[in-house]
Every structure is written in structure tokens, then in C-alpha cells.
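A.B. asks: Next one to model:
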Amino acid sequence: MSNIRTVLGLMSGTSLDGIDMAVLETDGEAHIRLLRDGFVPYQNEMRSLLRALLDAAAAWPTATMQSRADWPTELIAAEIAVTQAHSNAVQDFVEEGEVELVGFHGQTVSHRP
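C.D. replies: Model (predicted):
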């Protein structure tokens with residue numbers, strides 16, 4: 001039995017341009033083959049929401065935001081909007097039963113190494 005699986009990876013970054021997608025065939029280690037890729041641009045409303053969030057996040061006390069209960073309401077609203085946008089993108093891009101796993105890293109809004 002082969003450990004080759006078909007997976008979908010999603011990426012959205014601080015450029016706020018949209019959602020990049022790639023369907024891959026992989027064994028999780030050595031075998032990686034791109035089957036197809038796609039892109040769904042964010043609408044202007046989503047870009048504006050995320051831009052405002054990135055600007056606001058610069059002032060957030062992230063050290064005290066350990067659980068979702070500590071998050072500002074605009075972060076929760078953005079989480080829901082980003083999740084829904086990615087869910088819609090997946091449903092429009094992938095045929096039923098095509099992939100076994102979806103990987104999505106989320107949206108970075110504050111990076112303080």
C-alpha cells in the first residue's frame with residue numbers, strides 16, 4: 001500500500017492579495033508533485049478589513065492575549081471572515097473526494113519575534 005496522498009495547501013500572507021492554493025501529491029517526505037494550483041483574490045472589503053487589523057495589531061498587548069477570550073472583537077470578526085473566505089475558495093477549487101487533507105496556516109496579523 002502506498003503512502004502517497006493528495007493534499008491541498010492554502011496560503012495567504014501580509015500582501016493581502018488573496019488565497020494561493022496548490023493540490024499536491026506527496027508522501028509527506030521525499031515525494032512531492034504539484035497537480036494543480038490556483039489563486040482567489042481577496043475582495044476590496046476583505047483587504048480593508050485585514051489592513052485595518054494589521055494596523056491595530058501593532059498596539060495590542062499580545063503577551064496578555066493567551067486565549068481567544070482575550071482577543072479584541074475585530075480580531076474575532078477577521079478570523080471568521082478569513083476562515084469563510086478560505087472555506088469558499090476550497091469548495092470552489094476542489095472536486096469532492098479529490099483531497100485527503102487541507103493545510104492552512106492562518107493569517108499573520110502580528111509578528112514579534
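A.B. asks: Please make it C-alpha for all contacts and neighbour counts, starting now.
C.D. replies: Will do.
A.B. asks: Give me the residue ranges of this structure where confidence is low.
C.D. replies: 1, 112-113 (pLDDT under 70).
A.B. asks: Strands of the chain, start to end?
C.D. replies: For the chain, strands defined by DSSP state E occupy the ranges 5-11, 18-26, 32-41, 101-104.
A.B. asks: I'd like those laid out as JSON lines, including distance to Trp60.
C.D. replies: Converted to JSON lines, the strands of the chain look like this (distance: least, C-alpha to C-alpha, whole Å):
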{"stretch": "strand 5-11", "distance to Trp60": "24"}
{"stretch": "strand 18-26", "distance to Trp60": "25"}
{"stretch": "strand 32-41", "distance to Trp60": "28"}
{"stretch": "strand 101-104", "distance to Trp60": "24"}
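A.B. asks: now for those, which one comes closest to Arg51?
C.D. replies: strand 18-26 (12.6 Å; C-alpha to C-alpha).
A.B. asks: Please enumerate residues in contact with that closest one?
C.D. replies: 4-12, 31-42, 86, 89, 99 (C-alpha atoms under 8 Å, 6 or more residues apart in numbering).
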